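Peer 1: Below is the sequence, then the predicted model.
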Amino acid sequence: MSLQMMIVFGLLVTEMTLMTILVMPLPHKVQDGFVNLAYKLLQNPNVKVGLVFGASVLGMMFMDALRTAVPKIPKEYHPGMPASGNVPPVPTMMAGATWSEVRVRKFYSQRNMYLTGGTLFLGIAIYFNIILLKSMVKNKEKLIQATVVSKEKKRVFPLWNTRN
C-alpha cells in the first residue's frame, strides 16, 4: 500500500474510533465535555480550513480511483462488435498487460476508491453527528435543570400546605 493510502487508512481508523466514542452511551458530564470539545474544534477557522483542504484532497483521490477503477473502453472492443480497420489504441489499463495484471490494477483502484469514499462519507457523518449531539446535550442539560427545579418545588410546597 502506498504512503498516501496508508494515511487515508489511518484517517479512516481514526474516524471510526471517533464515531464509536461519539455514539457510546457515556455519562452526561463525559459526553458533554467530549461533544463541546469536538464542537469547538469544528468552529475554529484553522481547523475548518484543514478539514476543507483534506476533504478536497480526498475527493480528488476518490475521483482518480473511480476513473481508474472504471476505465472507459471504446465500443470497438466490446464483444459482438464487427471488426473494422479503424480500431482505436488499446486503453492504457490494458496495453501490454496480462489479464492478471489488469485484474490486480483494478483491484487496487477499487480498494483505493472504497477507502477514500468511506473516509469522505464517515467524515460527513461525524460532522452531522457532532451537530446533532450538541443539540441533544443542550436539551439534556435543560431537562436536568427542569427536573431539579421541579424536585425543589415538590419539596417546598408540601411544607407550606401542612396544617398544624
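Peer 2: Yes, it's here.
Peer 1: who's in contact with the residue nearest the centre of the chain?
Peer 2: The central residue of the chain, meaning the one whose C-alpha is nearest the mean C-alpha position (C-alpha atoms, centre = their mean), is residue 122 at 1.3 Å. When contacts are counted by C-beta atoms under 8 Å, 6 or more residues apart in numbering, residue 122 is found next to 12, 15, 16, 19. C-beta coordinates here come from the backbone N, C-alpha and C atoms, glycine included.
Peer 1: try 10 Å this time
Peer 2: With contact set as C-beta atoms under 10 Å, 6 or more residues apart in numbering, residue 122 has these partners: 11, 12, 14, 15, 16, 18, 19, 129.
Peer 1: Let me know the distance separating it from residue 41.
Peer 2: With distances taken as C-beta to C-beta, to the nearest Å, residue 122 is found 17 Å from residue 41.
Peer 1: Could you do residue 53 as well?
Peer 2: Between residue 53 and residue 41 the distance, using C-beta to C-beta, works out to 15 Å.
Peer 1: between the contacts of residue 122, which is closest to residue 1?
Peer 2: Sorting these by how near they are to residue 1, with C-beta to C-beta, puts residue 12 at the top with 12.3 Å.
Peer 1: which helices and strands does whichever strand or helix holds the closest one pack with?
Peer 2: Here residue 12, judged by DSSP states H and E, is contained in helix 3-23. Using 3 or more C-beta pairs under 10 Å, 6 or more residues apart in numbering; DSSP states H and E, the elements in contact with helix 3-23 are helix 28-43, helix 45-69, helix 99-160.
Peer 1: can you rerun that using 6 Å?
Peer 2: Helices and strands touching helix 3-23, by 3 or more C-beta pairs under 6 Å, 6 or more residues apart in numbering; DSSP states H and E, are helix 99-160.
Peer 1: could you give the mean pLDDT of the helix it packs on?
Peer 2: With pLDDT averaged residue by residue, helix 99-160 scores 86.
Peer 1: go on, stretch 66-83?
Peer 2: 69.
Peer 1: In terms of neighbours, single out the busier of residue 53 and residue 41.
Peer 2: residue 41 (13 against 10; other C-beta atoms under 10 Å).
Peer 1: Disregarding residues adjacent in the polypeptide, which is nearest to the more buried one?
Peer 2: residue 47 (5.2 Å; C-beta to C-beta, 6 or more residues apart in numbering).
Peer 1: I figured that neighbour hits residue 40, correct?
Peer 2: No. Under the criterion of C-beta atoms under 6 Å, residue 47 makes no contact with residue 40, lying 9.2 Å away.
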